[in-house]
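J.: Let's see this in three dimensions:
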Amino acid sequence: MTAQPTLPGKPRLEHLDNGLTVCLLENRQAPIVTSALFYKVGTRDEPAGQGGIAHFLEHMMFKGSVHYGPGEIDRKTQALGGSNNAFTSHDSTGYYFNFAADRWTEALAIEADRMVALTLDPGEVASERQVILEEIAMYDSEPWDALEMEVQGALFLPHPYGRAVLGTREELLATGADELRAFHGRFYRPGNGVLVVAGDLGPEVMDSIDATFGRVPGGGEQRSGFTPPLSWPQGIRRIERRKGEVARMLLALPAPSGDHPDHPPLRLVTTILAGGRTSRLQDALVDSGQLCSWVSADLSESLDASQLSIAAEVVPGIEPERVEAEVLRLLAGLATDPPAPEEVERARQIATADWVFGHEKVHQQAISLGLSAALFDLDYVDRHLAGLLAASPEQVREVISRYLRPERGAVLGWSLPRAES
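T.: Sure, this is the predicted structure:
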């Protein structure tokens, strides 16, 4: 079996008295420190009628707090030679900074300030709302983005995973400073946060964290143990849109939670399907078949359930029906002609290399640890990789039988060229 790679060092877990979870990862490969603060809140936690508020608040976290005025966080970051960004998902929201090791504590001051004293000026709220409305319009006009959102909605609704992270125009227009402040007060507290600090850490790291965050009052509304219902489509549900100049296909199938034992072997299946030049879809659709210009397969890692998706862009002049039939034929062939041990091992080698490359930088290690701790637990990174390395050909065949059956429930979306007028 392939030896299991690991993150450098041993992650160290600490807890402040106010409830903030702190994860430290020492890695001295470069004089750089990444700090990443994750809140256990996302699109799934939004109140009725306030869709998109988690993402809206992410934007507002850069628009002013007591000690950092609008735009000052970005100006300060750039002046210190660092970088920052943030993201919102259905399950969590994350903020990160990358700084040289001699100045990284500025990130702690920024995060503590906007945790305690976010301004939410009505003028800034109105201005940023307009930015997000334009973002929604941009997503709707982009063929792939529009198709992905519609397919995900059809696969997951009524579960919150089916909602758009950006929300809708109507919901954003109904969301103002008061709603944002209430959402921030409920979830943006130490008890709902996971702070990861990784890189060239000195012995004073916990003193610095305690000096900034230790003064923040505790609290934070915990996500309830209630899991919203999942209701998969019956058979293959088809969606057709007219947008763009080429035909695009997206097939989405239900998959288990990222922490389910079936998830690692299912990751191997996605690699068998479309990982590398010898993968089944790549050969049949692109190299030998010349039906598509490219094809990919992906598996999400979410809290309640995930999705396995296959995307392809059709070569102009090729009938979409041919591509659809070939994809369904190849998926059926996984059951009748299951991957041989050599094919499984090749997929394992590719997936392991992808893991190593995806955790090469300190920044990547910090994000991976933070997501693991916010969604599952700190051991998830190693546990998931161990499951992938240990998966046998028999386990691969079993998950193929359970999940790679579109006729049992799937969404097949097509974005076709606009009809000629």
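
J.: Could you use CA atoms for every contact and neighbour count after this?
T.: OK.

J.: Tell me where the stretch 201-350 of the chain has strands.
T.: Using DSSP state E, counting those that start in this stretch, the strands of the stretch 201-350 of the chain run over residues 236-242, 248-256, 292-299, 305-314.

J.: Tell me the buried residues in the shortest one?
T.: Buried residues in strand 236-242, counted by 16 or more other Cα atoms under 10 Å: 236, 237, 239, 241.

J.: Also compute the angle for it relative to strand 248-256, please.
T.: Comparing the axes of strand 236-242 and strand 248-256 via axes from the mean of the first three to the mean of the last three Cα atoms, to 10 degrees yields an angle of 150 degrees.

J.: what do you get for the third one?
T.: Per the same axes, to 10 degrees, the angle that strand 292-299 makes with strand 248-256 is 20 degrees.

J.: Check the last one too.
T.: Using the same axes, to 10 degrees, the direction of strand 305-314 lies 160 degrees away from that of strand 248-256.

J.: What is strand 305-314 packed up against?
T.: strand 248-256, strand 292-299 (3 or more Cα pairs under 8 Å, 6 or more residues apart in numbering; DSSP states H and E).

J.: out of those strands, deepest packed?
T.: strand 248-256 (a mean of 24; mean count of other Cα atoms under 10 Å).

J.: now for it, which elements pack on it?
T.: If contacts are counted by 3+ Cα pairs under 8 Å, 6+ apart, strand 248-256 sits against helix 143-156, strand 305-314, helix 393-403, strand 410-416.

J.: repeat that with 10 Å
T.: helix 143-156, strand 236-242, helix 263-274, strand 292-299, strand 305-314, helix 320-336, helix 393-403, strand 410-416 (3 or more Cα pairs under 10 Å, 6 or more residues apart in numbering; DSSP states H and E).

J.: Direction included, what does it pair up with?
T.: Here strand 248-256 has these sheet partners by DSSP bridges: strand 305-314 (antiparallel), strand 410-416 (antiparallel).

J.: Relative to residue 252, which of the ones you listed is closest?
T.: strand 305-314 (4.4 Å; Cα to Cα).

J.: Please find the angle between the direction vectors of the closest one and helix 143-156.
T.: Interaxial angle, strand 305-314 versus helix 143-156 (the same axes, to 10 degrees): 140 degrees.

J.: Pull out the buried positions in strand 305-314.
T.: With burial defined by 16+ other Cα under 10 Å, the residues of strand 305-314 counted as buried are 305, 306, 307, 308, 309, 310, 311, 312, 313, 314.

J.: in the strand or helix carrying residue 113, what's buried?
T.: Per DSSP states H and E: residue 113 is located in helix 106-116. For helix 106-116, burial by neighbour count (16+ other Cα under 10 Å) applies to 107, 108, 109, 110, 111, 112, 113, 114, 115, 116.

J.: could you redo the residues you listed as CSV and give each row pLDDT and distance to residue 284?
T.: Formatted as CSV, the buried residues of helix 106-116 follow (pLDDT from 0 to 100; distance: Cα to Cα, whole Å):
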residue, pLDDT, distance to residue 284
107, 98, 49
108, 98, 51
109, 97, 54
110, 98, 51
111, 98, 49
112, 97, 53
113, 97, 54
114, 97, 52
115, 97, 51
116, 96, 55
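
J.: Just the closest of the residues you listed to residue 14, please.
T.: Distances from residue 14 to the buried residues of helix 106-116, taken by Cα to Cα, are shortest for residue 108, at 15.9 Å.

J.: contacting residues for that closest one?
T.: Residue 108 makes contact with 35, 36, 37, 97, 195, 197, 208, 209, 210, 211, 212, 213, according to Cα atoms under 10 Å, 6 or more residues apart in numbering.

J.: What pLDDT does the model give the nearest residue to residue 234 once chain neighbours are set aside?
T.: For residue 234, ignoring the flanking residues on the chain, the nearest one in space by Cα to Cα, 6 or more residues apart in numbering is residue 409 at 5.0 Å. Per-residue pLDDT puts residue 409 at 96.

J.: Please apply the same query to the one 10 residues further on.
T.: pLDDT recorded at residue 419 is 70.

J.: which residue packs closest to it, ignoring adjacent ones?
T.: residue 242 (7.3 Å).

J.: Give me the distance between that neighbour and residue 413.
T.: 11 Å (Cα to Cα, to the nearest Å).

J.: again, but for residue 205
T.: From residue 205 over to residue 413 (counting by Cα to Cα), the distance is 49 Å.

J.: Comparing the two, which residue is more hemmed in?
T.: Comparing residue 205 with residue 413 by neighbour count (other Cα atoms under 10 Å), the higher total belongs to residue 413, at 24 against 13.

J.: contacting residues for the more buried one?
T.: Applying Cα under 10 Å, 6+ apart, the residues near residue 413 are 147-148, 150-152, 154, 236-241, 248-252, 311.

J.: go with 6 Å
T.: By Cα atoms under 6 Å, 6 or more residues apart in numbering, the contact list for residue 413 reads 238, 239, 240, 249, 250.

J.: go on, residue 303?
T.: Neighbours of residue 303 in contact, by Cα under 6 Å, 6+ apart: residue 257.

J.: go on, residue 156?
T.: Taking Cα under 6 Å, 6+ apart, one finds residue 162 in contact with residue 156.

J.: Equivalent analysis for residue 66, please.
T.: Contacts of residue 66 (Cα under 6 Å, 6+ apart): residue 117.

J.: Not counting sequence-adjacent ones, nearest residue to the spatially most central residue of the chain?
T.: The centre of the chain sits closest to residue 89, judged by Cα atoms, centre = their mean, with a distance of 5.9 Å. Take residue 89 and drop its neighbours on the chain: the residue closest to it by Cα to Cα, 6+ apart is residue 42, 5.6 Å away.

J.: is it true that that neighbour touches residue 92?
T.: Yes - the pair residue 42 / residue 92 is scored as a contact, 4.5 Å apart, by Cα atoms under 6 Å.

J.: And the host helix or strand of residue 183, what's buried?
T.: Assigned by DSSP H and E, residue 183 belongs to helix 177-187. Of the residues in helix 177-187, 177, 180, 183, 184, 185, 187 count as buried by neighbour count, 16+ other Cα under 10 Å.

J.: Could you list the low-pLDDT ranges of the stretch 151-300 of the chain?
T.: 225-226 (pLDDT under 70).

J.: make it 50
T.: Nowhere does the stretch 151-300 of the chain drop to pLDDT under 50.

J.: mind listing what the residue nearest to residue 419 touches?
T.: The neighbours of residue 242, taking Cα under 6 Å, 6+ apart as the test, are 415, 416, 417, 418.
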